[in-house]
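1. next input, structure requested:
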Amino acid sequence: MCAYAALALAYNLATPVGEAPDEPEHYAFVQYLRAEGRLPMAPATSQDGWIQAKHPPLYYAVATLVSLPWDIGQLGFMANPFFGFDLDPSSRDRAVPNALLHFSREAWPYAWAPDIRAARAMRLVSTLFGLVTLSATWALARAAWPGRPALAWLATALVAFLPGFLFGSAVLSNDAAANAAAALVILAALRLAAPGASGRDAFGAGVALGLGLLAKLTTLPLAGLLGLALLLGALQQGRWRQLPRLVARTALGIAMVSGWWFGLNMLRYGVDDPLGWKRFTGRAADLARSTPLTDELGQFWQVQLASFWGWFGWLALPLPRWQYAVAAALILCAVAGLLRWGLVERRSCSLATRRAMALAMLTCVLAYASVFRLAFDMNLVVAHGRLLYIALPALALLVATGLLAWFPPAWERPVALALALGLFGLALQALVGTLWPGYRLPVALAEAELGEFALPLDIGFGHQVRLLAYDFASTSPPAAGSAWRETGEPLLLDLRGTRAASSARLAGILYWEVEPGLRDRRDPEAPGLVVYAHLVDAAGRLVGRWEQPPFGGRRPFVGWEDGERFALPFELAIAPDAAGGLAWLELGVYPEGLPEQRLPLEAGEGQRAASAGPAPILGERWARIGPLVILDDRVAPRSATPGPVLAGFGPSAELELIGIQAERFGSTISVGLDWRRRPHAARPRTLPSVQPAGTARFDEASVFVHLIGADGRLLATGDGPPIDGRLSIGWWPEGLLLRGRHAIALPSDLTASELRRLREGRMELRVGLYDLASGIRWPAFDPAGQRLDDEAYAGAPRIAPGAQGR
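-> Numbering: from 1, shown residues only. Next comes the predicted model:
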């Protein structure tokens, strides 16, 4: 019992308020009782009110008493715009387990949320009712098998450590009261079927059923169980004369406890609707079955069995598959054991034991038949396994009997203990492995953390949210230049090699806050906001995509309080064919399902005052941060061997020319230039303030490649941006060989001497750099540091014949 209570309390604390089927409406029932002092009336149509007014009031009356020390008038709920039902327990891609929005004030110890404290306390009512269910289960098993206490402990453990039962005992739900009353009814039915049943026993059974009917109408099928118990007692003991009196006493008990409720329903809804069922079905037209049950029967059983064992929240947090496999194995062993007991040992058991086992089987049949009957009229909402918990004590008795039927009496106690411990372990794993992490919400940044942003931005989106800063957390494989924040070195994404290209990823963190009053201004019907991060390569192509609501929708923007700031991690896979060179991470926000309606940008003071890193590139509805440098085998070929330094360029010769390759293809010479930036060299960076999407415009320098004739005349040129325009000089990584190609179109007026030298593969080339705006050449130096004439390297590399030049 203590282990059950501790687990139920832990399940309570792990489950946010409202994250159980119909729990918000159960709270609303209690709020109505507190505010109005009377019972609510079930609405006539689906637009007139809330559905849980159909329920009897016993559970809510007890919960109302518990809530009296606190003010619960402010307790309210907001739907999570990103939640959706997925009725497949094998689905593993649920990113949004919480159907409701939850806020920081709901965190322990609820200092600023007395309504949350009250809600947690009211849930303890379910835990207490669960203790009643366990006590009745123990008593039922002891009555069925008086000489086998180990079996009684095992049956009790089967109920106490069932993850689904624990979850129901940890939330606000009238099912807990119905289960407790049903357990008492089953126990009373066993007493009615036994010899010597008295009128007091019959009256007590009626009171138990009356309490069940005041808890929830799912206990109504147990009236049939009491009737069968009375008939079984009369059949076995021949007490037919006493049967009418016992039936009358039972009916009297039912009427005294719950008769007023049925009378009230007839006054409110008409004499033909004592259960309020017609009123309910008229209100809940959306729950009516719209497809034949035969079309959904497989899914019905799948949902029923999975949720019976444990499927938390609004059917949003399934347990691991292996848990369901363990449950199936236990059930199969128990069924086989029961068959063995029925065929081999049943006749050697006492009449009382056989009677108890028969009533337990009848209870299970009645409970399942009642739920399955509902499935013909209602959709899969009635497939939830918790509706079968009214038969849980009887089922536990049967399962415990079947499991222990395989072992001799001497082994019964240790086997029962081992099974009970195993069940406890399964319940604990469901808590720490599924429930707790599933509902653990991201925590807002503390004030001390706000000054640790890597690169501040302060960019607003649509007067709703604001991007404060960003950081690149990691890459896979690990990127060179990882200290880019401190050194100014670009972050390198190395895609060279098949394995690296297929597994490359970029991860980072975006720091956000919401604009004041966002939650109050939000239209409840409006879609939630999605953040996107797109990696755009040097060719302007989208080569990496990440699009998610904050934290996968578990805590969307509308669930943030004013002034709260969150670190939103992202990770995207990089396409293997991403073009090498400069890349940018494009960021934006759009309403879910409407990517074409991106929110407009507004730059804040923080972005303009940013002192670290390059300024972002801002469009109307996007911001680009970076740049990043993608390395592929075209920009930085791994197979290339650095040659000796041929020349250095720049005020301090920071750019080194370390190789020239030339090939002739017909009337064109293709020249490959290998470059390297000297370590610790200064890096002038000139980035455009606005760069249209899909373009790569770098205007800091250009490369000239001149073909020189025998008499020194200029024959042809192959000017162009360095590294094929993919990587501006200001962002060249230090010490890495980079290759760019330049095409020289041969003129048609070459002299005979020039043609001969061309065929021999010997022509002079001059290479240098010049400022694109002014045309002034960069300083050029030889390897010894001496200034070169004409600010250019002059050499005569061999021009190899290409495929078309041989």
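
2. contact partners for the closest residue in space to Ala662 that isn't next to it in sequence?
-> Leaving aside its chain neighbours, Ala662 sits nearest to Ile799 (4.4 Å; criterion: C-beta to C-beta, 6 or more residues apart in numbering). Just so you know, the C-beta spots here come from the backbone N, C-alpha and C atoms, and that holds for glycine as well. By C-beta atoms under 8 Å, 6 or more residues apart in numbering, the contact list for Ile799 reads Ala662, Glu663, Arg664, Ile669, Leu758, Gly761, Arg762, Met763.

3. of those, buried ones?
-> Ala662, Glu663, Arg664, Ile669, Leu758, Gly761, Met763 (16 or more other C-beta atoms under 10 Å).

4. show the contacting residues for the fifth one.
-> When you say that, I think you mean Leu758. Leu758 makes contact with Arg664, Leu746, Leu750, Ile799 under the criterion C-beta under 8 Å, 6+ apart.

5. longest helix in the chain, please.
-> helix 114-144 (DSSP state H).

6. coming back round to it: which of the contacts of Leu758 scores worst on pLDDT?
-> Minimum pLDDT for the contacts of Leu758 is recorded at Leu750 (81).

7. quick check: which ranges of the stretch 151-300 of the chain have low pLDDT?
-> Across the stretch 151-300 of the chain, the ranges flagged by pLDDT under 70 are 282-286.

8. re the thing from before, please tell me how far the residue nearest to Ala662 sits from Arg756.
-> Counting by C-beta to C-beta, to the nearest Å, the gap from Ile799 to Arg756 is 13 Å.

9. the residue nearest to Ala662 belongs to a strand?
-> Yes - Ile799: assigned to a strand according to DSSP: H, G, I helix; E, B strand; the rest coil.

10. start to end distance for stretch 646-664?
-> Start-to-end span of stretch 646-664 (C-alpha to C-alpha, to the nearest Å) is 22 Å.

11. just the buried residues of that stretch, please?
-> 646-650, 653-664.

12. now, which of those residues lie within strands?
-> Restricting the buried residues of stretch 646-664 to those inside strands, with DSSP state E as the criterion, leaves 647-649, 655-664.

13. would JSON lines of the residues you listed with distance to Leu338 be doable?
-> Shown next, in JSON lines, are these (distance: C-beta to C-beta, whole Å):
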{"residue": "Ala647", "distance to Leu338": "90"}
{"residue": "Gly648", "distance to Leu338": "88"}
{"residue": "Phe649", "distance to Leu338": "88"}
{"residue": "Leu655", "distance to Leu338": "84"}
{"residue": "Glu656", "distance to Leu338": "84"}
{"residue": "Leu657", "distance to Leu338": "86"}
{"residue": "Ile658", "distance to Leu338": "82"}
{"residue": "Gly659", "distance to Leu338": "82"}
{"residue": "Ile660", "distance to Leu338": "86"}
{"residue": "Gln661", "distance to Leu338": "82"}
{"residue": "Ala662", "distance to Leu338": "87"}
{"residue": "Glu663", "distance to Leu338": "83"}
{"residue": "Arg664", "distance to Leu338": "88"}
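
14. and the two most separated of those residues?
-> Spanning the widest gap among those are Gly648 and Arg664, at 28.0 Å by C-beta to C-beta.

15. doesn't Gly553 make contact with Leu529?
-> No - judged on C-beta atoms under 8 Å, Leu529 makes no contact with Gly553 at a distance of 10.3 Å.

16. how close does the spatially closest residue to Arg148 that is not a sequence neighbour sit to Val645?
-> Excluding the flanking residues, the one nearest Arg148 by C-beta to C-beta, 6+ apart is Glu412, at 6.8 Å. Distance of Glu412 to Val645, given as C-beta to C-beta: 86 Å.

17. and the closest residue in space to Tyr389 that isn't next to it in sequence, which helix or strand is it part of?
-> Spatially, and ignoring its direct neighbours in sequence, Tyr389 is nearest to Asn179 (4.7 Å; C-beta to C-beta, 6+ apart). Under the criterion of DSSP states H and E, Asn179 resides in helix 175-193.

18. Gly460 now?
-> Counting by DSSP H and E, Gly460 is part of strand 455-461.

19. what are the ranges of the helices in the stretch 151-300 of the chain?
-> Assigned by DSSP state H, counting those that start in this stretch, the stretch 151-300 of the chain shows helices spanning 163-168, 175-193, 199-215, 222-237, 243-269, 277-283, 293-309.

20. cheers, nothing more for now.
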